[in-house]
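Asker: Below: sequence and its predicted model.
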Amino acid sequence: GGFGKGLEAGVRRNFLGTAHWAGALKTGVDGNATVTFKAPDGLTRYRVMAVAHTKRDQFGHAESAFEINKPFMLEPSPPRFANVGDQMLIRAVLHNTTAAPGEAEVRVKLDATAAAFGATDPVQKITVPAGATVAVDFPIAFRATGEAVWTWTADFTAGATKFRDAVETRFKVVHPTPLLREIVQSRPEGDADLLAGLDPALLAGKGTVRVGVANSRIFELREGVSELLHYPYGCLEQTTSALLPWLTLREFRDVLPELGRLDADYDAAIEKSITRLLSMQTSTGGLGFWPGSDSPEVWSSAYGGLGLALARRAGHPVPEYEAGRVFDYLSKQLRGAADTGDKWQLSERAFACHTLAVAGRAEPAYHELLYKKRDKLTQESRAFLALAILEAGGSAKMAETLLKMRDKAVEEDFWFGCIARAQGIRLLAWSRLAPKSDGTTAVANAVFDLRKNGSWVTTQGNVWAVMGLAEYIRKTEAGRKAAKGSIVQAGEATGFQLPAKGGFFEKEYPLDVAAKLLLKNPAKSRFFTQVTLATRPDTLITERKDRGYSIARRYQRIADDGTLADLGEPRTGDRVLVTISFTAPGNASYMVIDDPLPAVFEAVNPEFKSQAMAGQALSNTWASDYSELRDDRALFFRNTIWPGKHEIRYLARVRAAGAATAPPTKIEEMYHPDRFGLAGSQIVRAKAQ
């Protein structure tokens, strides 16, 4: 656009790293092929790469390039993210590639997430010399959470010639303090006070209260499903746990809001999870715990393999060769079952038997072998073995014997200790053996009773509780009827109707007007309700907390010669060493250290040579089993940890001027989240260069 043709009204918003991909072009008889595509909106240089082959297995490749630009260009540089309360200088760069100087008027149209100091839509006028590049800064304060969608425009006048460039930018604005949530679920069969049971202190705060009503018990799985779909980390366990609801709960999507998606959304989510699972496949065929793992694990392979087997059973495309190698690996791991009496080695083999049975590769000889060793199996291992036997069409009597065995004490799994997980697996097996028996109902009620604040606390607790209860409800919930009612707030009633097949109604109220919320149920229908109260503290600062772990964070500025100094007020472009120190009281498993960045920083990825800089040797990622550097945080994971003091160091760069909150660093045992530590929040102030 532009190029001397007057004002160009289009806003550039389509920015793609890859402008076009053509996986299979055929040449004509002259050996030439042509492809046409619409270029994205990036003003940059694009490489064109081509690989060709013939029927005679001849190969060749070539590379070229082209550039997209305009005579006058606007390049905004907003933050990658921001926190409410941050105040920053947001920069835009103007490029005048013409031979004439001129006057530019630059404007940024903000949304509700931010406001300029002293103006609604900030405007600056500046002279741009011929062939020059000039930067302009806008002081912006961030006010509210959400996706910031800003439109930047620059009008350039050089004599009688006018040019315009316009760009849309998007990024997230979040809150630096955690959301406080309380969830109350109930089963009223008449009129009910929906706010009964909520913490009065939270009700007195500022926030929202969301009311949901359904006519199926499946609705009570909602919070567990939500936590599975939104858990922030991506190891094999959590990738598989997020995959399983898409595979096993599609029939309930009219009742579970988080799963109320189109088939195409299901297919996309499942395909993405399958791809990530296979990124953890090792040379042996087994699966490791993290992408790029070198060492396979039996448990990881059994769990990830279960996801692959269920996806294939549901008709989703799963690469046969890669999946077959996972199942081959599991089959080989069964071979040592006869030689061990260790309950944990037998436990993962029982899980492997279940996965192989679901994959259509059951090994009944090992079912028999493990059955003979049932006294050495844990409660959940016996349930896995019962599931394998039932899946393979084996003896129901054997399965019943396994499920009826009692232990003096229920022993938690060595790695992912969780009673909800063990009971959920038992319920899944009981629901397939005898869904309407009193024993099955007792286990189902026990699983429901294990909920804390609407869920089962960890991903393993959530996934097995949800799958077990879903199977139980699927086979026992009958006589569901259409129902109607209303929610009354301040005398105003909002009516709803739920179909007999199952459905839900939901509405959100500001907390300051939700002093009283009543459910009116004149027909005394059986409803299932969930009330979610969400508030934030008045402060933007989070205090330090030690709940089994103590953790601290320190920022230091790195000089050009690599020496360190206190951070003070660094300037844009300065390099920063981030040091995280923490103390572990004892041995622990599956730790995460989550360090949010202030919005004026960006983490430096040591894998990119273009980001190499002085002080690189100072970094030490604590020999983590896996790490991620994201736009807004640095994450470090360790499968096992020993007692004592530990330290992580990584590098960051100051990318903007302003005052920004660095939310607290957190250390947590992922499968015992009550054991954690928080460093206090910090305010970082940076100056313009």
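Answerer: Yep, that arrived.
Asker: Would you state the helices of the stretch 101-250 of the chain in chain order?
Answerer: Using DSSP state H, counting those that start in this stretch, the helices of the stretch 101-250 of the chain run over 200-203, 222-230, 236-248.
Asker: Deepest-packed of these, please.
Answerer: helix 236-248 (a mean of 23; mean count of other C-beta atoms under 10 Å). All C-beta spots, glycine's among them, are computed from the backbone N, C-alpha and C.
Asker: Wait, Ala585 touches Ser550, no?
Answerer: Quick fix: residue 585 reads Pro, not Ala. No: using C-beta atoms under 8 Å, Pro585 is not in contact with Ser550, being 9.1 Å away.
Asker: Show me which of the two is the more surrounded one.
Answerer: Ser550 (18 against 11; other C-beta atoms under 10 Å).
Asker: The more buried one touches Ile580, doesn't it?
Answerer: No: using C-beta under 8 Å, Ser550 is not in contact with Ile580; the gap is 11.6 Å.
Asker: Could you tell me which ranges of the stretch 201-350 of the chain sit under the pLDDT cut-off?
Answerer: Scanning the stretch 201-350 of the chain for pLDDT under 70 picks out nothing.
Asker: likewise the chain?
Answerer: Using pLDDT under 70, the flagged stretches of the chain are 1-9, 118-120, 408-414, 513-514, 607-617, 621-623.
Asker: who does the helix or strand harbouring Lys397 touch, helix- and strand-wise?
Answerer: In the assignment (DSSP states H and E), Lys397 maps to helix 396-404. Judged by 3 or more C-beta pairs under 8 Å, 6 or more residues apart in numbering; DSSP states H and E, the packing partners of helix 396-404 are helix 364-372, helix 379-391, helix 419-433.
Asker: what distance separates it from the centre of its chain?
Answerer: Averaging C-alpha positions (C-alpha atoms, centre = their mean, to the nearest Å) puts helix 396-404 38 Å from its chain's average.
Asker: Which residues does that helix contact?
Answerer: 367, 371, 374, 377, 382-383, 385-387, 389-390, 426, 429-430, 433-434, 439 (C-beta atoms under 8 Å, 6 or more residues apart in numbering).
Asker: and those residues, which are buried?
Answerer: Buried subset of the contacts of helix 396-404 (neighbour count, 16 or more other C-beta atoms under 10 Å): 367, 371, 374, 377, 382-383, 385-387, 389-390, 426, 429-430, 433-434.
Asker: how about those, which pair is most distant?
Answerer: Largest separation among these by C-beta to C-beta: Leu377 and Ala434, giving 20.4 Å.
Asker: what are the ranges of the strands in the stretch 1-150 of the chain?
Answerer: With DSSP state E, counting those that start in this stretch as the criterion, the stretch 1-150 of the chain has strands at 45-53, 59-67, 72-77, 81-83, 87-96, 102-109, 114-116, 123-128, 133-142, 146-158.
Asker: show me what contacts the closest residue to Leu428 other than its chain neighbours?
Answerer: Spatial nearest neighbour of Leu428, excluding adjacent residues (C-beta to C-beta, 6 or more residues apart in numbering): Gly468 at 4.2 Å. For Gly468, the contact set (C-beta under 8 Å, 6+ apart) comprises Gln423, Gly424, Ile425, Arg426, Leu427, Leu428, Ser431, Val443, Ala444, Val447.
Asker: quick one: the fifth one and His175, what's the gap?
Answerer: With distances defined as C-beta to C-beta, to the nearest Å, the gap from Leu427 to His175 amounts to 37 Å.
Asker: Who has more neighbours out of the two?
Answerer: Per other C-beta under 10 Å, whichever of Leu427 and His175 has more neighbours is Leu427, with 29 against 17.
Asker: The helix holding Lys397 to helix 379-391, inter-axis angle?
Answerer: Interaxial angle, helix 396-404 versus helix 379-391 (axes from the mean of the first three to the mean of the last three C-alpha atoms, to 10 degrees): 160 degrees.
Asker: How many residues are close by the nearest residue to Thr98 once chain neighbours are set aside?
Answerer: Leaving aside its chain neighbours, Thr98 sits nearest to Pro71 (4.9 Å; criterion: C-beta to C-beta, 6+ apart). Neighbour count for Pro71, taken as other C-beta under 10 Å: 19.
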